[in-house]
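[1] predicted model follows, preceded by the sequence.
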Amino acid sequence: MPELPEVEVIRRGIAPHIEGRRIVSATVRNSMLRWPVPGDLGLKIGGVRITKVSRRAKYLLFESGEAALILHLGMSGSLRLISVTAAVPPGKHDHVDFVLDDGTVLRFRDPRRFGAMLWETGDVMQHPLLAKLGPEPLTETFTGDLLYKQTRGRSVSIKQLLMNNSVVAGVGNIYANEALFHAEIHPMTPAGRISLSRYRKLVQAIKDTLNLAIEAGGSTLRDFVNSEGNPGYFQQQYFVYGRTGQPCRKCGVEIRQARQGQRSSFYCPHCQK
DNA sequence: CTGTTCTCCTGTGGGC
DNA sequence: TGCCCACAGGAGAACA
């Protein structure tokens, strides 16, 4: 699933091919994503020049002067660029195509259709999906001091807190688990009972794991044009995620799995307290 | 406000 | 080899 690092790597991969280009047309074959793709998307986006491809949390934003396309890859979404000469026929789950003014096609595929594609005029950051997001984890506004202040008196578990996008944007299940392991914090610890120094360590762990993943993805990044599969997706060497029953990479004790809010948590019972 | 539960969807993998 | 089914999960919506 595309986590924040994958989305960022995808953004970096496609931006050079899209920024400065005009979108000639859009073809929507299946509009039933998480929310319906606007029926008049093609009319609205046709002729629009994309000046910038940016990211907020796990949302990709294709910005023009006065409007923006908001794109979320959900669980199974992917983007690929197809050159005009390749003429690849769309597959079953290729729901949307954008034709650029150089003939390139940007194709959105999403088998599970948890993704989203919306059009917002005006200031895109005022869109309800984006307006209430917390700080970006990789910016300096996201600090241990902030998390500490924000969590006094709160009983929610730290793992679930990290996955709350209004607290910090775009930290998903994998990186919440991984960061808690590196910070040596048990995922079920109530957020209000964690000290300032531990929050500082946790925030650093979040930044480090995300940055490491982005670097790993960037280093293996292939060209997005005419590439098969899902360029931008990459398999990380995880410390706890998906490693139930396997030995902890630090101490050898078996990694445990538990359920927190309908979501799997993975942790080392020896390293994380 | 807080915290919890529900919901959308389909590919994958384990069991038999 | 084929079939069945639990499971996975981002995150907004709904609810207590």
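    On my side now, so go ahead.
[2] report the contact partners of the residue in the stretch 1-150 of chain A positioned nearest to DNA strand C.
    Closest approach between the stretch 1-150 of chain A and DNA strand C, counting by CB to the nearest atom of the strand: A:K58, at 3.6 Å. C-beta here means a position set from N, CA and C on the backbone, and glycine is covered the same way. For A:K58, the contact set (CB atoms under 8 Å, 6 or more residues apart in numbering) comprises A:2-4, A:7, A:72-73, A:170, A:172.
[3] gap between it and A:R259?
    23 Å (CB to CB, to the nearest Å).
[4] flag the shaky bits of chain A, pLDDT-wise.
    A:228-235 (pLDDT under 70).
[5] what's the single longest helix in it?
    helix A:196-219 (DSSP state H).
[6] residues in contact with whichever helix or strand comes after that helix?
    Proceeding N to C from helix A:196-219, the next assigned helix or strand is strand A:256-260, under DSSP states H and E. By CB under 8 Å, 6+ apart, the list of residues contacting strand A:256-260 from outside reads A:157, A:159-160, A:187-188, A:244, A:264-269.
[7] filter those residues to the buried ones?
    A:157, A:159-160, A:187, A:265-268 (16 or more other CB atoms under 10 Å).
[8] now those in TSV, with distance to A:A179?
    Converted to TSV, these look like this (distance: CB to CB, whole Å):
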residue	distance to A:A179
A:S157	14
A:K159	10
A:Q160	14
A:P187	10
A:S265	12
A:F266	12
A:Y267	11
A:C268	13
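[9] among these, which are in strands?
    Within the buried ones among the contacts of strand A:256-260, residues falling in strands by DSSP state E are A:265-267.
[10] out of the buried ones among the contacts of strand A:256-260, what pair is the most spread apart?
    A:Q160 and A:C268 (18.9 Å; CB to CB).
[11] if we can go back for a sec, DNA strand C: which of the contacts of strand A:256-260 is nearest?
    Nearest member of those to DNA strand C, counting by CB to the nearest atom of the strand, is A:S264, at 3.8 Å.
[12] which parts of the stretch 51-200 of chain A sit against DNA strand B?
    Near DNA strand B, the residues belonging to the stretch 51-200 of chain A are A:75-76, A:92-93, A:111-114, A:154-157, A:160, A:192 when assessed by CB under 7 Å from any atom of the strand.
[13] of the residues you listed, which pair is most distant in space?
    A:K92 and A:G192 (47.4 Å).
[14] these two: who's more crowded?
    Taking other CB atoms under 10 Å, A:K92 and A:G192 do not tie; A:G192 has more neighbours (15 against 9).
[15] residues in contact with that one?
    A:151-155.
[16] how about A:L161, what does it touch?
    Counting by CB under 8 Å, 6+ apart, the residues that A:L161 touches are A:151, A:154, A:167, A:191.
[17] from those residues, which ones fall inside helices?
    A:T151.
[18] buried members of the contacts of A:L161 into ChimeraX, please.
    Per 16+ other CB under 10 Å, the buried members of the contacts of A:L161 correspond to this ChimeraX selection:
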select /A:151,167,191
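[19] which one of the contacts of A:L161 is nearest DNA strand B?
    A:R154 (3.8 Å).
[20] from memory that closest one sits against A:R193, does it?
    No - using CB atoms under 8 Å, A:R154 is not in contact with A:R193; the gap is 9.3 Å.
[21] check contacts around A:T151.
    A:161, A:191-192, A:194, A:199.
[22] 6 Å - rerun?
    Going by CB atoms under 6 Å, 6 or more residues apart in numbering, A:T151 touches A:191-192.
[23] report how many residues lie close to the residue nearest to A:T143 when sequence neighbours are not counted.
    Spatial nearest neighbour of A:T143, chain neighbours left out: A:V203 (6.0 Å); criterion: CB to CB, 6 or more residues apart in numbering. Applying other CB under 10 Å, we find 21 residues neighbouring A:V203.
[24] tell me the spacing between A:V203 and A:I194.
    When A:V203 is compared with A:I194 (using CB to CB), they lie 11 Å apart.
[25] next one: A:V28
    With CB to CB as the criterion, A:V28 and A:I194 are 46 Å apart.
[26] looking at the two, which one has more neighbours?
    More neighbours surround A:I194 than the other of A:V28 and A:I194, with 22 against 19 (other CB under 10 Å).
[27] mind checking how far the more buried one is from A:P128?
    30 Å.
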